[in-house]
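K.L.:
What would the 3D arrangement of this be:
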Amino acid sequence: MRLRRTGIVPSDARVRHYDELEEETQVAVRELAGRPRTAPETDDLDDGDVVKFTDYYQVRAR
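P.N.:
The predicted model follows:
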């Protein structure tokens, strides 16, 4: 999965807040936010979900 910063949250997107995520997923979000890196997919997040962390980040799963 990758995270891409987004200023627009689609109306049909599921928005997840960082503090609601499992600890393993929080670690992945911290490592991926603002960096062009990938990490294994997690059970917490699906393709198209938006995570509210320091900004809004859209999840892209491959």
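
K.L.:
how deep is Ser11 tucked in, by neighbour count?
P.N.:
5 (other CB atoms under 10 Å). The way it works is simple: take the backbone N, C-alpha and C, and place the C-beta from them, glycine included.

K.L.:
now the chain, which segments are flagged as low pLDDT?
P.N.:
62 (pLDDT under 70).

K.L.:
Please enumerate the helices of it.
P.N.:
Secondary structure of the chain (DSSP state H): helices at 23-32.

K.L.:
now the strands for it?
P.N.:
Counting by DSSP state E, the chain has strands at residues 2-5, 15-17, 50-52, 56-60.

K.L.:
Highest mean neighbour count out of the ones you listed?
P.N.:
Compared across the strands of the chain, strand 50-52 shows the largest average neighbour count, a mean of 20 (mean count of other CB atoms under 10 Å).

K.L.:
Quick one: list the elements packing against it.
P.N.:
Packing partners of strand 50-52 (3 or more CB pairs under 8 Å, 6 or more residues apart in numbering; DSSP states H and E): strand 15-17, strand 56-60.
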